[in-house]
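Student: this is a predicted model, with the sequence first.
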Amino acid sequence: MAPLPQFAADTALVLRMYRAMTLVRVFDAKAVNLQRTGQLGTYPSSLGHEAAHVGVGAAMRPEDVLAPVYREFGTQLWRGVTMTEILTYWGGDERGSDFAVPRQDFAWCVPIATQTLHAAGAAMAFKVLKQPRCALAYIGDGGTSEGAFYEALNLAGARDLPVVFVIINNGWAISVPVAAQTAAQTLAQKAVAAGIPGVQVDGNDVFAVREVVGEALEAARRGAGPSLIEALTYRLSDHTTADDASRYRSGQEVKDAWALEPLIRIRDFLINAGLWDGAKEQALLDECTLKVDAAVTEYLGKAKPSSDAMFEHLFAALPARLHEQRLIARKYASKPSGH
Amino acid sequence: MAPLPQFAADTALVLRMYRAMTLVRVFDAKAVNLQRTGQLGTYPSSLGHEAAHVGVGAAMRPEDVLAPVYREFGTQLWRGVTMTEILTYWGGDERGSDFAVPRQDFAWCVPIATQTLHAAGAAMAFKVLKQPRCALAYIGDGGTSEGAFYEALNLAGARDLPVVFVIINNGWAISVPVAAQTAAQTLAQKAVAAGIPGVQVDGNDVFAVREVVGEALEAARRGAGPSLIEALTYRLSDHTTADDASRYRSGQEVKDAWALEPLIRIRDFLINAGLWDGAKEQALLDECTLKVDAAVTEYLGKAKPSSDAMFEHLFAALPARLHEQRLIARKYASKPSGH
Amino acid sequence: MVEAIAMAHGWEMQHDANVVVIGQDVGANGGVFRATAGLQERFGKDRVQDTPLAEATIAGMSVGMATHGLKPVAEIQFMGFLYPALDQIVNHMSRMRNRTRGRLSCPVVIRTPHGGGIHAPEHHSESTETMLCHIPGIRVVCPSSPVRAYGLLLAAIRDPDPVMFLEPVRLYRAMRQEVNDDGQALPLDVCFILREGCDVTIVTWGAMTMETLRAVTELDKRGISAEVIDLATLSPIDIETILASVAKTGRLVIVHEAARNVGVGAEIAALVAEHGLYDLLAPVQRVAGFDTIMPLFKLEHDYIPSVQRIIDAVEHTFAG
Amino acid sequence: MVEAIAMAHGWEMQHDANVVVIGQDVGANGGVFRATAGLQERFGKDRVQDTPLAEATIAGMSVGMATHGLKPVAEIQFMGFLYPALDQIVNHMSRMRNRTRGRLSCPVVIRTPHGGGIHAPEHHSESTETMLCHIPGIRVVCPSSPVRAYGLLLAAIRDPDPVMFLEPVRLYRAMRQEVNDDGQALPLDVCFILREGCDVTIVTWGAMTMETLRAVTELDKRGISAEVIDLATLSPIDIETILASVAKTGRLVIVHEAARNVGVGAEIAALVAEHGLYDLLAPVQRVAGFDTIMPLFKLEHDYIPSVQRIIDAVEHTFAG
Ligand SMILES: Cc1ncc(C[n+]2csc(CCOP(=O)(O)OP(=O)(O)O)c2C)c(N)n1
Ligand SMILES: Cc1ncc(C[n+]2csc(CCOP(=O)(O)OP(=O)(O)O)c2C)c(N)n1
Ligand SMILES: [Mg+2]
Ligand SMILES: [Mg+2]
């Protein structure tokens, strides 16, 4: 076992990370529940990814830019995206992507792997504009099969861009296991194709993730170029609420994975360090539930957008040609309602 | 220096390779000349690539399938494509791609890197249909930046396909040098991303190319999976006849590269082995010129296709909707002419 | 409808050993919509293959497989994810036969879900058939019922040229119908008249047949008899059937979910303006999606043409 | 025309430090058509960047650059190589503003050669503007002269939203014209009336303005006075100008090089059939490329509409 990183001595930070991991887990369960009861659209659970997501969040600086996929709520909450915004987006409303904070982060990116090029492009902007900032793009294990991913690595390497790519290897891309995606024994080694460093990290260990990602970001910031990090974790949930994972993977595999899940580990660390106990845990859970419930209430209270919303941000100014269509849309719009 | 491969003792074969290299060089000069005199369209010279192209051709079996880019005339001639066909295509006539031999090879592929997926797909067909054949795809150094290339490597690795990818690293992609394409120190190492073997070979050494490619094909054929080969050579010509390389690279660099050009080397070998002399060389050149001239005559004698050609092979049978357009095309067709 | 699609796959794989199914999650999972359910168990992993997560790969390997002896039937998980495959479709699949003067060809079917209306996430509700219909050398087909899905998919797989097969997601589960698993294909390149009528012609396709037929019921009550044509093959268009209908009714309304600007409706309107101008008693009406981004699902039913919009458009042709 | 394009780049880079040029061979080589000649020497390697050989990269990095402070002007070497970039254009560039409710936006210009007629190799002669025009959230612009190339490119770079800028290859060298390097942009979203006339309206764009103007000279001799409209912005279409012209002339001929089926001409014909039906004295005529693969260059002039085809189509509108 490697020694603990220095920041582990910063009790406030460690507790903050644990609280963030707990909050996202409570939030996640609630979101799945909202979907099951018809109050949310298809939702991609982040169950099991808490250490990887919070570790990355804690390693980034506010002025850095995140290019998420769709599942990395732990990172987004850390950076200031609100639970209400998350629910608003997954509830089928673009306003959820108009983050009050962080204004410069990319929105969720459903077309797999495309976001890696956005991060590289943002990093290119930082380089040209001489801003000491980094971009960080997530990608899934399945996503590493898309050409866009390799192109982004290659561009980043060729132009020495301040960007870090984090693969969340959770074992599955919907029903396809990693071994069916590639013959590469690790996903980190894909960095070799671009001539950039690649490393693996235990994605269920929040200390390790924050340390490795933090180092990569600092290297990028000081001009030492991009890197690729493969965080090994496991998707404990179905792919999304529209999926039934029992069709294609064994219950035993999932059960085994639960033994390694990330919350237990940091909680044990805190308890051993005398920083945590049952009462504190209960208080935290209560606090999280309150926060989540408040966000849900705010989300459910939002009125349906008007049909004008389709036209409002299509261009900076709506071309004349579309004015008539906006009127038609108004005429036939279904009635506004909470849901 | 590695020992000569076994086949180097096969004098007939070695002479055949040298003749093929000479023929393609004579052909190439003529084709450039035809373009300069307005008798051919834009043409991509293969000057300097003769060892790589002929070496690959000599390594393949007739029943294997080639997916070329646009420049690998040495391989195509070896496999049975005719000079007339080559001129016909680059003269702006689809009939040039209707190879009499080899019927199953792919045609030239201008959209960079897309052919690598065709080769992988053909290899998949061989695998599913249990045919003991291989596919071989070419790609340029510039082409290795396209996502499609990585996807093809990854697919081939993941499904253990009988396919070999040969990168012709000739230093340049039009005006962009390899160092600007990627931070990878070799292009062969891109294989690591796909978990398949990657090797470099001296692309100006026809013995080495035939040996390395032949081994890769045999491995693929016996089920040992795909591989990637980087052949190091140099583009002695402009990118195509539409390019002026003096805009972006130094005359000195080209001059230096001429010292390593592939024909001298094998000729010296033949002379040292007592198999070649000035008279034989002159006879060969004369023979090549005759062959090339005959092909040019045949090419120039071809009548312009009729406008019906646009409709003939659009579908297996022309849909009713298009019959009227075929008539319109006939009505306005420019007059048939040789050129 | 999704069962009819799985059934057509099954029939053809049973009867043609060269048919191979590829795509993301088509194997053990049977497709995210279950359109390939049970096929891998039945035909094995060589003939029903999960691909890596890469659409250019799916299209590009299909080209290689099809030119070398197989008949790939490929699934792209949603139409919004088709774009990385377009290069291969436009530059190779549609051209291989023409390029090689018939030496090599691409008998490929690419299936993909089409349209919105099922509360799906971003990029899961697209209907950009225009981009495909404009490509010469491929056919574009869109069934509007389980029976037509079965018969047209069989025809598409048997066709010697590439076919894009667009499956309206709203019909996957909504529409149930007895389908005979008899291996009978339906013809490509022709429309289907869903309902005869004499006052107005309505041309539509895919899921919009549902709203159209509902509108027609209401129009009946108002004494307007509408003829409803299911375009079915979106390219090449069977314009003769449409022109004959317009010659009879004198009025034309085109209904589609895709954006209006340069939609397939524009081609139909243009053809009628060219060849049927003197039959028209009123301007052609297009009822289409707006020229906006397909919104997230809270507003998707404000985007998709409603029954009322269709009724109003038809009535408008009588207003002049 | 190619010099006018390089000049517009130069002006705007001089006056806006955030404009950055990217593409294959745009640096030392100055672009394969020399449209970026001299820019790297003048503005350095940070602002004029050769990219790796990857079109998805060019479009995707443009999105990232544009959302984070730069204004990329990207070159795709030929329109036939645009397809790998389409995913980024359709799914991100056109949607970023809408998706984020205006928080992030994409002021990107993607320039690419358009059309054939210069004896180029396979895939170097495409005109698939339809695929772009159908995408909501982007503009598509096609200049027909050096003056308009200069003014419209400046407008495109200054526009806060993404613009696809299609440059007719036949005009690059063929057309020479004095261009004032004064930084004056021309308006987007409007057509230009190239020539007034009263008997027939001809709408066209890009290189086809050449054949059209030649046809018009011949028509003049025959006593037919044609009004010629250069569409210029292909999406969104300035239909008012076209309708006003048709109201005056009563006849409409649309000329474009792209394939006819679901071409932009279909949209224009459809709009006129909807809003100008009663002005039409004869059926609309479309003179367009065939619905075939653009052939290799031996036949390209059998594909591209000829002057005679345009003349005949115009005369046909008087035949009824
Ligand atoms: C380009 C594209 N193709 C297909 C899909 C459909 N899809 C959504 S998620 C997914 C699997 C992603 O797996 P992975 O990258 O491992 O991420 P994970 O879901 O495990 O986080 C697929 C195929 C998509 N969103 N985008
Ligand atoms: C997808 C695509 N993009 C751009 C081009 C234009 N183009 C033709 S050749 C070439 C450079 C290719 O370089 P490389 O792969 O090294 O091959 P080489 O020409 O050196 O043989 C480019 C950019 C193309 N043909 N296809
Ligand atoms: Mg995964
Ligand atoms: Mg090269």
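Tutor: Ah, there it is. From a predicted model like this one, the values you see are computed outputs, not experimental measurements. Numbering: from 1, shown residues only, chains lettered A, B, ... in the order given. Ligands and ions are numbered 1, 2, ... in the order given.
Student: contact residues of chain A facing ligand 3?
Tutor: A:G140, A:D141, A:N170, A:A173 (CB under 5 Å from the ion). Glycine gets a C-beta too; all of them are placed from N, C-alpha and C.
Student: chain neighbours aside, what residue packs nearest to A:L161?
Tutor: Nearest non-adjacent residue to A:L161, counting by CB to CB, 6 or more residues apart in numbering or on different chains: A:A123, 3.9 Å away.
Student: the domain parsing of chain C - what is it?
Tutor: Per the record, chain C has its domains at C:2-171, C:192-316, by automatic domain parsing.
Student: among these, which comes closest to ligand 2?
Tutor: Distance to ligand 2, taken as CB to the nearest ligand atom, is lowest for domain C:2-171 among the domains of chain C, at 7.6 Å.
Student: can that closest one be found next to chain B?
Tutor: Yes. Applying CB under 8 Å from any CB of the partner chain, one finds domain C:2-171 in contact with chain B at C:20, C:46-47, C:49, C:51-52, C:54, C:56-57, C:59-70, C:84, C:87-88, C:91-92, C:97-105, C:136-137, C:160-161.
Student: filter the residues you listed down to just the ones in strands.
Tutor: Counting by DSSP state E, the residues of domain C:2-171 next to chain B place C:V20, C:Q49 in strands.
Student: low-confidence ranges, the chain, go.
Tutor: I went with chain A, as the question did not name one. In the predicted model of chain A, residues A:1, A:336-339 satisfy pLDDT under 70.
Student: other chain: chain C
Tutor: Looking at chain C by pLDDT under 70, you get C:320.
Student: longest strand of it?
Tutor: Secondary structure assigned by DSSP E gives strand C:252-259 as the longest strand of chain C.
Student: so what touches the next helix-or-strand element following it?
Tutor: Remark: after strand C:252-259, the chain's next helix or strand is helix C:264-275, criterion DSSP states H and E. By CB atoms under 8 Å, 6 or more residues apart in numbering or on different chains, the surrounding residues in contact with helix C:264-275 are C:129-130, C:133, C:203, C:205, C:231, C:234-235, C:237, C:239, C:242-243, C:246, C:252, C:254-256, C:258, C:260, C:279-280, C:284, C:286, C:288, D:261-262, D:265-267, D:269-270, D:272-274, D:277, D:280, D:283-286.
Student: and for the residue in the stretch 51-200 of chain C that chain B sits nearest to, the neighbour number?
Tutor: Residue of the stretch 51-200 of chain C nearest chain B, by CB to the nearest CB: C:G64 (2.0 Å). As a burial measure, C:G64 scores 33 neighbours (other CB atoms under 10 Å in any protein chain shown).
Student: thought it was touching B:V128?
Tutor: No. Applying CB atoms under 8 Å, one finds C:G64 not in contact with B:V128, separated by 11.4 Å.
Student: filter the residues of domain C:2-171 next to chain B to the buried ones?
Tutor: Among those, those buried by neighbour count (16 or more other CB atoms under 10 Å in any protein chain shown) are C:20, C:47, C:49, C:51-52, C:54, C:56-57, C:59-68, C:70, C:84, C:87-88, C:91-92, C:97-101, C:103-105, C:136-137, C:161.
Student: quick revisit: what subset of the contacts of helix C:264-275 is buried?
Tutor: C:129-130, C:133, C:203, C:205, C:231, C:234-235, C:237, C:239, C:242-243, C:246, C:252, C:254-256, C:258, C:260, C:279-280, C:284, C:286, C:288, D:261-262, D:265-267, D:269-270, D:272-274, D:280, D:283-286.
Student: ligand 1 contacts on chain A?
Tutor: Residues of chain A lying near ligand 1 by CB under 6 Å from any ligand atom: A:71, A:110-112, A:140-143, A:168, A:170, A:172-174, A:235, A:239.
Student: residues in contact with A:T241?
Tutor: With CB under 8 Å, 6+ apart, A:T241 has these contacts: A:V32, A:Q35, A:R36, A:T42, A:Y43, A:P44, A:S45.
Student: again, but for C:E122
Tutor: Contacts of C:E122 by CB under 8 Å, 6+ apart are A:W108, A:V110, C:G80, C:L296, D:R99.
Student: switch to 10 Å and redo it
Tutor: A:41, A:70, A:89-90, A:92, A:94, A:97, A:107-111, C:80, C:293-297, D:91, D:95, D:99 (CB atoms under 10 Å, 6 or more residues apart in numbering or on different chains).
Student: can you pull out the helices in the stretch 151-300 of chain A?
Tutor: Assigned by DSSP state H, counting those that start in this stretch, the stretch 151-300 of chain A shows helices spanning A:178-181, A:206-221, A:251-258, A:262-272, A:278-301.
Student: looking at those helices, which is closest to B:A8?
Tutor: helix A:178-181 (41.5 Å; CB to CB).
Student: contacts for the closest one?
Tutor: A:140-145, A:169-173, A:184-187, A:232, B:154-155, B:157-159, C:27-28, C:49-54.
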